[in-house]
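**Q** Can you look at this prediction? I've put the sequence above it.
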Amino acid sequence: MTIKHIFKQYPHWLVCFVAVLLVTVYWSILASDSYVSQSNVVLESPQVTVPNMDVSALLGGNSGDSDMLLLRDYLLSVDMLRKIDTALGFRAHYASSDIDYFTRLRSSDVPIEELHEYYLKQVSVELDDYAQILRINVSALTPEMAHAMTSLLLSEGETHMNRMGQRLADEQVKFLETQVAGLSLNFQSTRNKLIEYQNENGLVSPAGTVESLSAVVAGLEVELANLQAKQTMLTSYQSSRSPSVVRGGDEIKAIRQQIKQERARMAQQSGGALNTLSAEYQTLELKVEFAMESYSGALAALESTRIEAARKLKQVSVLQSPTLPEYPVEPKRVHNIVVFTVIALFLSLIVHMLVLIVRDHRD
């Protein structure tokens, strides 16, 4: 059975042969060469020592895998495409008539959605989860264009990551600066009130004065007890008119009067009582202490936030600089021809088996 007879009896083999022939001609002769520029990068932050304090509630932020994924999404975004088109003429380059019909951009005036789909076919940005490396591949008609696009992707990606991190950090710094200014004024105000209170009452520390007076009263009471014991002993064997007994009674009377005066200073019913002064002073002192702690905490948080802002800077560290291709690596002509031929033969074989099965049932 000749090949002509086979094609006549089984036309699907003829279709397969023609398809393989056309694909072979296209990939061998018509398909345009593509140059691929490659680059491998990682994201790094400055190593800045942070004080031992928790500001995680103030500064969220992405790190590690999330930063790399954010960079990847930006490099593949429409915004990045617009910048490349403006700086390097993406539309004009890929819509050139020098590129074969099936590879080139349909028109330089295509909508941005269609242009972005085409862009994603020419630019590949993959994250290596194990090594934490972004692998960038850019395909272009000329090696210079591929190299220029890859370099622009790196520079714009680093700028974008820094701008995004700094925006959040700057907002936090401004917020904390406002809080620090307000807490500083509050601290100064409460401290001035405490000083004025001390000056008005002529006391540096009413609580200390109360303690001193309490100690004086306690001492006087001890002395009074001793005098009373001595007076009792004297009256047991001396007359009440004796000089010793009279003198002892005068001393006891004087001590009692002194104790009464000292107690009155501590707790008299008028507005100048030391216990009242002490309570008011302690309230002012607590306000000053609270204002100082709040102010100190805000200052620490502000300093930590400023340091964290520096850590938000992201540096794109290049492990492999954008390559300048010396020969086209795409398309993979032999590979594409072989894969298409295998698939075509496999489909034709399936069709051939179905035809034989149908004919066998007819017979």
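**A** The structure has been received and is ready for your questions.
**Q** what's the nearest residue to Ser151 once chain neighbours are set aside sitting at in phi/psi?
**A** Leaving aside its sequence neighbours, Ser151 sits nearest to Pro322 (C-beta to C-beta, 6 or more residues apart in numbering; 5.0 Å). (Glycine included, C-beta is placed from N, CA and C.) Note on Pro322: backbone dihedrals following degrees, to the nearest 10 are phi -50, psi 120.
**Q** In this structure Pro322 contacts Asn40, no?
**A** No: using C-beta atoms under 8 Å, Pro322 makes no contact with Asn40, being 10.0 Å away.
**Q** what do these two both touch?
**A** Here Pro322 and Asn40 share the contacting residues Ile136, scored by C-beta atoms under 8 Å, 6 or more residues apart in numbering.
**Q** Compare those two (neighbour count), which wins?
**A** Remark: of Pro322 and Asn40, Pro322 carries more neighbours, 21 against 16, as counted by other C-beta atoms under 10 Å.
**Q** Looking at that one now. What's its pLDDT?
**A** In this prediction, Pro322 carries a pLDDT score of 89.
**Q** Phe7 too?
**A** Reported pLDDT for Phe7: 58.
**Q** same check, this time on the one 5 residues further on
**A** Each residue has a pLDDT score; the one for His12 is 70.
**Q** Identify all contacting residues around the host helix or strand of it.
**A** Using DSSP states H and E, His12 sits within helix 11-25. Helix 11-25 is contacted by residues 6-7, 336-337, 340-341, 344-345, 347-348, 351-352, 355 when judged by C-beta under 8 Å, 6+ apart.
**Q** From the residues you listed, pick the one nearest Tyr101.
**A** Asn336 (16.4 Å; C-beta to C-beta).
**Q** close enough to count as contact, that closest one and Ser28?
**A** No: counting by C-beta under 8 Å, Asn336 stays clear of Ser28, with 9.8 Å between them.
**Q** who's more crowded, these two?
**A** Applying other C-beta under 10 Å to Asn336 and Ser28 shows that Asn336 carries more neighbours, namely 17 against 12.
**Q** and the more buried one, that one's in a helix?
**A** Yes: per DSSP: H, G, I helix; E, B strand; the rest coil, Asn336 lies within a helix segment.
**Q** quick one on the thing from earlier: I'd like the distance between the residue nearest to Ser151 and Ala146.
**A** Distance of Pro322 to Ala146, given as C-beta to C-beta, to the nearest Å: 8 Å.
**Q** Mind listing the shared neighbours of the two?
**A** Ser37.
**Q** Scan this protein for its longest strand.
**A** strand 35-44 (DSSP state E).
**Q** I'd like to check which residues are in contact with Leu224.
**A** 252, 255-256, 259.
**Q** returning to that earlier point: list the helices and strands the longest strand of the chain packs on?
**A** Under the contact definition 3 or more C-beta pairs under 8 Å, 6 or more residues apart in numbering; DSSP states H and E, strand 35-44 sits against helix 65-75, strand 133-140, helix 143-201, strand 315-320.
**Q** any idea of the mean pLDDT in it?
**A** Mean predicted lDDT for strand 35-44 stands at 87.
**Q** on that earlier part again, can you redo the helices and strands packed on strand 35-44 as CSV with distance to Val222 and mean neighbour count?
**A** CSV is the format used below for the helices and strands packed on strand 35-44 (distance: least, C-beta to C-beta, whole Å; neighbours: other C-beta atoms under 10 Å):
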stretch, distance to Val222, mean neighbour count
helix 65-75, 74, 17
strand 133-140, 84, 21
helix 143-201, 29, 16
strand 315-320, 76, 14
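**Q** Which of the ones you listed sits closest to Leu299?
**A** So among these, helix 143-201 is nearest, using C-beta to C-beta, at 6.0 Å.
**Q** now for that closest one, which elements pack on it?
**A** Short answer (3+ C-beta pairs under 8 Å, 6+ apart): helix 143-201 packs on strand 35-44, helix 65-75, helix 78-88, strand 123-128, strand 133-140, helix 274-311, strand 315-320.
**Q** Poorly predicted segments of the stretch 1-150 of the chain, please.
**A** Counting by pLDDT under 70, the ranges of the stretch 1-150 of the chain that qualify are 1-10, 45-65.
**Q** again, 50 this time
**A** 48-62 (pLDDT under 50).
**Q** so what's Pro322 up against?
**A** 37-39, 136, 147, 150-151, 154.
**Q** what about 10 Å?
**A** 37-41, 136, 138, 146-154 (C-beta atoms under 10 Å, 6 or more residues apart in numbering).
**Q** Kindly report the same for Val36.
**A** Counting by C-beta under 10 Å, 6+ apart, Val36 has contacts 122, 124, 137-140, 143, 146, 150, 323, 325, 328-330.
**Q** again, only this time at 6 Å
**A** When contacts are counted by C-beta atoms under 6 Å, 6 or more residues apart in numbering, Val36 touches 137, 139, 325, 329.
**Q** re the thing from before, list buried members of the contacts of Leu224 by neighbour count.
**A** Buried members of the contacts of Leu224, scored by 16 or more other C-beta atoms under 10 Å, are 252, 255, 259.
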